Each structure stands twice: as C-alpha cells, then as structure tokens.
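K.L.:
A predicted structure for the sequence below; I have some questions about it.
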Amino acid sequence: MTWTNVIVQGVLFGGFYALFACGLSLLFGVMRIINLAHGDIAVVAGYTAVFLVPHLHIAAVWGFIVVVPIFALVGYVLQRTLLQAALDRSPFTTLLVTFGLSVLIENLLLEIYTANGQSVNIGSLIGNSWQVNSVIYVSWFQLVVLLVAVAVLGVLQVYLSKTSTGRLIRAVSDDREAAQICGANYRHIFGIAAAIAVATVALAGISYGILTELTPTTGGSQVLLYAFEAVVIGGIGSLWGTLIGGILLGVAQQIGAHYNPAYQVLAGHVLFLAILALRPQGLFGKKEALT
Amino acid sequence: MSATLVPDVGRTVVRANYHPAVLVAGVALVAAFFTAAPWILPAAWVSVLDNFFLLLILATMWNLLAGYAGMVSIGQQGFIGLGSYALLYLALKGMNPFAAIPLAALIAGAIAVPVTFLLFRLRGGYFAVATWVVADSAMLIILSISYLGGGTGRPMPGLTSLSPAQYNHDSYLATWLTALVVSVGTYLLLRSRLGLVLASMRDSETAARSSGAKVTSTRRWVFVIAAVGCGAAGAVLAISQPFVQPGNAFNINWLAEMLFATIIGGIGTVEGPIVGTIVYFVLYQSLQGLGAWYLIIFGALAVAVALWQPGGVWGLVRDKTRFELLPVGYRVRER
C-alpha cells in the first residue's frame, strides 16, 4: 500500500512538471531554441502573485486570472524585442542571452526580496484532501494542477492542429522562409508562441508557489531542470510525451524520496541520464528531433 | 614559431605581425612579474590577483568550450566542485594539498570522460541544460557523502602547519602557476593540429567531417580538457578558501562569471578571456559593498555585448587595428 501511495504522489507531482515543461517544449518546437530563463519567469510570476494580488482585493486562489494574461503579454514583448534580436544573430546568442537574463532575474529577486522563501497563500484550501484509504491521501489542489496540465496540453494540441493560428505556428516551425513567402509574419507567430509558453509557465510558477516555497533560485535549479528532464524523458517534440515524462519524473523522485528524502532530486536526474543512455530520443520522440 | 615558407612570390606567411622572439620574451617577463608579485605588491593586491587568476582559468576554459568547440556548457561549476572535493579527498588521505592539485584536476577530467558519452547525444540548448543536470547530480552525490563533510563542508587539512603569511604566499603561487599552465597550454593547443580542426569545425562542421576531421573525438578532448582546467581551478579554490563546502564549490555564480567575462572580453579569441577578466575585476572593485549588483550589471553588460558587439572588447580592438597579441592563425605578409 505504501508503494501505491508513492506512485500516486509521484503522478500528482508529475502534473507540475508537465505544466513546467509544455512551454519549453513548445518554444523549442517552434524556434529550435531553449529559453534558459524559462524557470526564472515562472518564479517571477509566482512573486507577482505573492506581492501584487493582495492589493487587488480578490481571493488569492484567483490570482492567476490576473497574472497569467500579464505574463502572456510579457512573453510576446520579450520575444519581439530581446529574444528575436538574439535569434537574428544565432541560436548560440539566444543561449547566451537567455542565460544572462536568468542570472539577472535571480540576482534582482535576491536583491529586492532577499533569499527568503515566498509562498502564495490560499488559506485552508491547500489542506483539503481526499482520503482514499488509511495510507493514500490525494491533495485536491495537486489533483487540480494535474487536471489543468492535462487540459493545457489538450487545448494546446487542438489549438496547434485545428485553428488557423495553430496551423501558422506549425508552418513557421516547419519552414520559416516558405511560410514567410506565403505571407506569414513569422516574428508575430514567434511572439504568439512565446506568449503561450510564458503564460503556461507563469501558471505553473503560481501553482508551485501555492504548493511550496519559491526562492530566487527555484527557477534555475528546479523548474528549468525538471521541465527539461520531463521533455527529454517523454521525447523531444511530443506534447503527450511531455506529460508522461513529467509523471515518470515525479514517480522517480517520489521513489527516491521514499528511500531517503535527500535522494528525491537525484533519482529524477538518474532516470533522465538512464533515458539518455538507453533511448536518447525519449520514450515517444522521433530520432530526427535530436539533430 | 618561425615563418613558414611558401613558393617565393615576394610574400611570407607568418603568425604574428611582430617578431616571434617578442612573444616569448613578453610571456617570460609577465611570468616573472607575477611570480615575484608577493614580494613586490601589497598583500591586498595579491589577494585580488589570486581571485583574478582563478577567474582567468575558468574564462579560458569556457572560451575553449564555447568559443572554439561550439559547446555551450552551463555545468562547468560541476567540475569546479569535483576538483575541490577531489583535492579534499586526497588531502584527507594524507597527500600535501599543493602537490595534489594536478591529480585532483585529472580526477575531474577522468569523470568527464564517461559523461561525454551521455551528453554528446544532445545538441545546442539541450546539451547545455544536460550539463547542468550532470553538475547538479555531482553536487547531490557529494552532499550525501558524510566523509567529505556532507552539506556543511570540511576544512582543507594539511595547511595548518603553514604560517599565515606563508599560506597566503603559497596559495597565490598555486593559483597563478595553475593559471599560467592553463593559459599557455590552451594557447599552444589552439596553435596545434587540434586548434586547426577546431577552426575548421567552427567554419563548417560538415566540411570538416568530410575532410576527415574527427569532429566528435575532438569535441570529447576539448570537453575533458575543460573539465581538467575547471577541476584545477576548483582545487586551487579549495586551498585559497581553505574550506570546502558544496554551496560554494558548485555555485552557479562561477559559471555566470566565466561566461560573462568571456563574452565581454571577446568569445573565440585567445585574448578575450583575459580582457573580460580585467573588466570584471575593475567592475567588481568599483561596486564593492553593493551585494549582488555587480553580477546584475556585469550580466546586463554581457547580454548587451552578445547582442550588439558579439566579438566583445577584443573583437572590436582587433577589427579596428588588425593587431593580434596572441595569434593562432596565419597571415600573409608582403616582404
């Protein structure tokens, strides 16, 4: 029974990791770049929820309704200015610039808000859980996050395959020049993709801030690494693979933590490295996606 | 060193636009000065120089990785940490810490060899984040070893017999000599056959591959050499602290500093890391007491340089004057 609980808790954490990861996966799919500041943006969104929402006289749990649209706009503007300028130089420059951005964000947060942990306080809602039996508790909040992650991935899948903007995004990611000849403004399309990516990771950051604590360094050492591991385990270029990757990462971490809390993160890294050794294209990825 | 002869058409092919003996004399003079620095300069300057040469090692290694071999690693702090802990382990086993520096560096390099077989399955940004995963894994493993002090760390043994003045002196010399070996070694490496392969890979990997250049094994060599260099930096860091603690040895700020210094100085040039390290220390000294602001300003500067002046400070100087202080290529000169 204990093992069932370990798996259940792992699956619940997997929802967070999938939500962290889908923006990273989307941006890589569309622009072939990795945004190294991905996790730090999630933390800034969480901090925004902590420090801005109390002034708005709404229940903290609804803070995301305000913060997520703001971050969609932030994503669009960031893409059209800094990231596009870097992308025009080279993918290499994009890595340097997003790493620089990541260090800037972390140190600014450290200077302004100190290294103390911050949480989004939603009151007693966080404590509600559903007791399956004597051992297994399912936190309502974590279950909601898992369902939100599934919903976000589902909506994203439908959006990319069925809507005209989604088709444009796919066209631009397949062949930028050809799409441009057909009249697509690829910079605007990149902006939309970045807006979606940043909005989803903002949602993930706020949720993570509700569940646990955010510190200035949470973004790099946790969010970015977990998101990245979920993407690679699931397979680069596969959105549903990312969900499975996130869940497997969560389960691996909980199994590690079950032996010794100190091994929680390490167990996830070990799963990632094992996948890299045995099946580098990931569980659901195609081999071509690697090059 | 000397001019290579080509069919006599009134031109020679040379490396530098000054006599090769000037280079050797210049390096010898600089080497003599910094070796004698503890006797000439005040103690406060020597301690700044100690930190200066530490960052110079790191920036030189990151430049070799990213600027010459095209591998953006954001996990070099892992090898700094491994170098620190390898030295701690050797010192705990009774070795003299100073004598154990080369061995500690080689241990970090030996760990890098199997790691490349995993990392080289990924490219670009994925490679970059994967290096960080490896660095984080290394730190988490070290954290769980209580013999090495776990999360709280351990003081470096074998240094208590030295007087404070002697310790400062030896610690500085260890850092400086390591920096000298790393810099001169990297320079000679880039002038060698391996440097030629790296240059051809940078221009076109496909063309290099089809001309018979062993691209993957060259990358592997560079990654391992950079691990040895960062391991050596970690070892001298452990001596100059002299306390080994995971939060310091594996700190991501080391990576930020070496990356920013390389970009600002001029990535892909031998002189770049030197110039960038000087810029860093000027900034660091003038912003003292402002906490993390120096890193924020330094980072913003690096982002601006990467976007608008990708050749960095040295790239600008070279393009304006056509002067190369430490040339690695060849140029044609009218006789």
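P.N.:
Everything's here; your move.
K.L.:
contact partners for A:Ile34?
P.N.:
A:Leu24, A:Leu27, A:Phe28, A:Leu95, A:Thr98, A:Phe228, B:Gly124, B:Gly125, B:Tyr126, B:Ala128, B:Val129 (C-beta atoms under 8 Å, 6 or more residues apart in numbering or on different chains). In short, each C-beta sits where N, CA and C put it, glycine included.
K.L.:
can you check A:Ser161 too?
P.N.:
So A:Ser161 contacts A:Arg167, A:Arg170 (C-beta under 8 Å, 6+ apart).
K.L.:
and the pLDDT for it?
P.N.:
A:Ser161 carries a pLDDT score of 89 in this model.
K.L.:
quick check: which element contains it?
P.N.:
Applying DSSP states H and E as the criterion places A:Ser161 in helix A:140-162.
K.L.:
now do the buried residues in that helix.
P.N.:
Within helix A:140-162, the residues scored as buried using 16 or more other C-beta atoms under 10 Å in any protein chain shown are A:Phe141, A:Gln142, A:Leu143, A:Val145, A:Leu146, A:Val148, A:Ala149, A:Val152, A:Leu153, A:Leu156, A:Leu160.
K.L.:
possible to save these as TSV with distance to chain B?
P.N.:
Shown next, in TSV, are those (distance: C-beta to the nearest C-beta, whole Å):
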residue	distance to chain B
A:Phe141	27
A:Gln142	24
A:Leu143	28
A:Val145	23
A:Leu146	24
A:Val148	25
A:Ala149	21
A:Val152	22
A:Leu153	20
A:Leu156	20
A:Leu160	21
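K.L.:
tally of neighbours for the residue nearest to A:Leu225 when sequence neighbours are not counted?
P.N.:
In space, and not counting its chain neighbours, A:Leu225 is closest to B:Val133: 5.9 Å by C-beta to C-beta, 6 or more residues apart in numbering or on different chains. Neighbours of B:Val133 under the rule other C-beta atoms under 10 Å in any protein chain shown: 26.
K.L.:
and the helix or strand just after the helix holding A:Ser161 with helix A:140-162, angle?
P.N.:
Later in the chain than helix A:140-162, the nearest helix or strand by DSSP H and E is helix A:164-174. Interaxial angle of helix A:164-174 relative to helix A:140-162 (axes from the mean of the first three to the mean of the last three C-alpha atoms, to 10 degrees): 80 degrees.
K.L.:
please compute how far helix A:164-174 lies from its chain's middle.
P.N.:
Helix A:164-174 sits 21 Å away from the centroid of its parent chain (C-alpha atoms, centre = their mean, to the nearest Å).
K.L.:
distance between the helix or strand following that helix and the chain's centre?
P.N.:
On the C-terminal side of helix A:164-174, the closest following helix or strand by DSSP H and E is helix A:176-181. Relative to its parent chain, helix A:176-181 has a centroid offset of 29 Å by C-alpha atoms, centre = their mean.
K.L.:
using PDB, write out every CA atom in helix A:176-181.
P.N.:
Extracted C-alpha coordinates of helix A:176-181, given in PDB (Å, rounded to 0.1, in the frame of the first residue of the first chain):
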ATOM      1  CA  ARG A 176      10.300  29.700 -41.800                       C
ATOM      2  CA  GLU A 177      11.200  31.000 -45.300                       C
ATOM      3  CA  ALA A 178       8.400  29.100 -47.100                       C
ATOM      4  CA  ALA A 179       5.800  30.300 -44.600                       C
ATOM      5  CA  GLN A 180       7.100  33.900 -45.000                       C
ATOM      6  CA  ILE A 181       6.700  33.700 -48.800                       C
END
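K.L.:
buried set for that helix?
P.N.:
Neighbour count says helix A:176-181 has A:Arg176, A:Ala179 buried, by 16+ other C-beta under 10 Å.
K.L.:
and it, what does it pack against?
P.N.:
Contacts defined by 3 or more C-beta pairs under 8 Å, 6 or more residues apart in numbering or on different chains; DSSP states H and E place helix A:176-181 against helix A:164-174, helix A:186-211.
K.L.:
next one, pLDDT for the residue of chain A found nearest chain B please.
P.N.:
Here chain A gets closest to chain B at one residue, A:Ile34, 2.7 Å apart by C-beta to the nearest C-beta. Here the pLDDT value assigned to A:Ile34 is 89.
K.L.:
quick check on it: phi, psi?
P.N.:
phi -110, psi 130 (degrees, to the nearest 10).
K.L.:
so how far is B:Val24 from it?
P.N.:
Going from A:Ile34 to B:Val24 by C-beta to C-beta, to the nearest Å gives 44 Å.
K.L.:
contacting residues around A:Arg32?
P.N.:
Contacts of A:Arg32 (C-beta under 8 Å, 6+ apart): A:Pro91, B:Gly124.
K.L.:
now name the helix or strand holding A:Leu36.
P.N.:
Counting by DSSP H and E, A:Leu36 is part of no helix or strand.
K.L.:
er, A:Gly282 I mean
P.N.:
Judged by DSSP H and E, A:Gly282 forms part of no helix or strand.
K.L.:
including mean pLDDT and mean neighbour count, could the helices and strands packed on helix A:176-181 go into TSV?
P.N.:
TSV is the format used below for the helices and strands packed on helix A:176-181 (pLDDT from 0 to 100; neighbours: other C-beta atoms under 10 Å in any protein chain shown):
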stretch	mean pLDDT	mean neighbour count
helix A:164-174	89	17
helix A:186-211	93	25
